[in-house]
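Visitor: Provided below are the primary sequence and the corresponding predicted coordinates.
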Amino acid sequence: MSTDALFPEFDSDQYPQKVVSLKLRGGDRECETPFHRHRKGQLVLATHGHVTCNIDDGIWMVPTHCAVWIPSLVPHSNRISPDAQVCMLFIDPQLLNLPQKSCTLSISPLVRELILHLTSLPQDYGPKSATAKLVDVLMHELVKMPTEQFDFPIPKEPRLNKIAQDLIAQPDNRETIGQWAAKFAMSERTLARLVKQEIGVTFGRWRGQLHIVIALQKLSSGYSVQRVSEDLGYESVSAFITFFKKTLGRPPKQYISQY
């Protein structure tokens, strides 16, 4: 099903089919759904532009070559860029062994094309139809897709939550962990231990995940590497490229162009 209305009335749980799909096109401004949940799990694939998913305690990025998987009944909200074209795949939780937790999946060209084709077909297909066979192939391939780390966890712990919200509002903030600790009358060691305990990574890695989320978002929308570097507060473009390559294995232009 395809629509130009950004968030139409579409209840995936009303469909008896195990898998149904929806294709959305962004409007003239960024739009966001209210938090909601449904019995069917949801796969969010951006074929152009970008989508940012707020899922429970994290922000998840959907760059053009990836999809975010949201399991059954997990509260979430999707923010879609004006230029976005997005495919939503709704999957019965009993159908196959997809991850039990939200994650980003790297999507192969084959899976991408299968999803795109499915969105162009009527969704009220029969169990023995050609569309049902297409869905079988799609599900067989989807479970093979590897996961990526394109999320920024937002802890419920009040102090870390405040830091997370401040970093989101001002991603070019380069204050050290010691400076952040001083704001909460904590020692640097105490804050470092708290971050590790609540999130499972170092403070630098945590902030770096936010930078990757924002960088992919902006690069997918056509921002220059220079502009992204400045927006994230890096001292030089080369410093940003080094960080990006160390994290994702390729420099920004090469990483984006491969998709």
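Guide: Nice, thanks for sending it over. Numbering: from 1, shown residues only.
Visitor: From now on I want contacts and neighbour counts done on CA atoms only, so please keep to that.
Guide: OK.
Visitor: Can you list the buried residues in stretch 194-202?
Guide: Within stretch 194-202, the residues that qualify as buried are L194, V195, I199, T202, counting by 16 or more other C-alpha atoms under 10 Å.
Visitor: can you map out the strands along the protein?
Guide: Applying DSSP state E to the chain gives strands spanning 2-3, 19-25, 31-32, 41-48, 51-55, 58-62, 66-70, 76-80, 85-91, 103-106, 147-148, 151-153.
Visitor: Please work out the angle formed by the directions of the fourth one and strand 76-80.
Guide: Strand 41-48 and strand 76-80 meet at an angle of 10 degrees, taking axes from the mean of the first three to the mean of the last three C-alpha atoms, to 10 degrees as the criterion.
Visitor: distance between strand 41-48 and the chain's centre?
Guide: Using C-alpha atoms, centre = their mean, to the nearest Å, the distance from the centre of strand 41-48 to the centre of the chain it belongs to is 9 Å.
Visitor: do the same with stretch 192-208
Guide: Computed by C-alpha atoms, centre = their mean, the chain-centroid distance of stretch 192-208 equals 20 Å.
Visitor: do the same with stretch 199-210
Guide: 17 Å.
Visitor: now swap in stretch 143-162 and tell me
Guide: Distance, centroid of stretch 143-162 to centroid of chain: 10 Å (C-alpha atoms, centre = their mean).
Visitor: Could I get the average pLDDT for that stretch?
Guide: Stretch 143-162 carries an average pLDDT of 88.
Visitor: got the CA coordinates for it in PDB?
Guide: In PDB, the C-alpha atoms belonging to stretch 143-162 read as follows (Å, rounded to 0.1, in the frame of the first residue of the first chain):
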ATOM      1  CA  VAL A 143      16.200 -13.200   9.300                       C
ATOM      2  CA  LYS A 144      19.700 -13.400   7.800                       C
ATOM      3  CA  MET A 145      20.300  -9.600   8.000                       C
ATOM      4  CA  PRO A 146      23.100  -8.500  10.400                       C
ATOM      5  CA  THR A 147      22.600  -5.900  13.100                       C
ATOM      6  CA  GLU A 148      24.200  -2.500  13.300                       C
ATOM      7  CA  GLN A 149      24.700  -0.100  16.200                       C
ATOM      8  CA  PHE A 150      22.900   3.100  15.100                       C
ATOM      9  CA  ASP A 151      21.200   4.000  18.300                       C
ATOM     10  CA  PHE A 152      21.600   6.500  21.100                       C
ATOM     11  CA  PRO A 153      20.400   5.100  24.400                       C
ATOM     12  CA  ILE A 154      18.600   7.600  26.700                       C
ATOM     13  CA  PRO A 155      18.800   6.300  30.300                       C
ATOM     14  CA  LYS A 156      16.000   6.800  32.700                       C
ATOM     15  CA  GLU A 157      18.500   7.700  35.500                       C
ATOM     16  CA  PRO A 158      17.700  11.500  36.000                       C
ATOM     17  CA  ARG A 159      21.300  12.800  35.600                       C
ATOM     18  CA  LEU A 160      22.100  10.800  32.600                       C
ATOM     19  CA  ASN A 161      18.800  11.600  31.000                       C
ATOM     20  CA  LYS A 162      19.500  15.300  31.400                       C
END
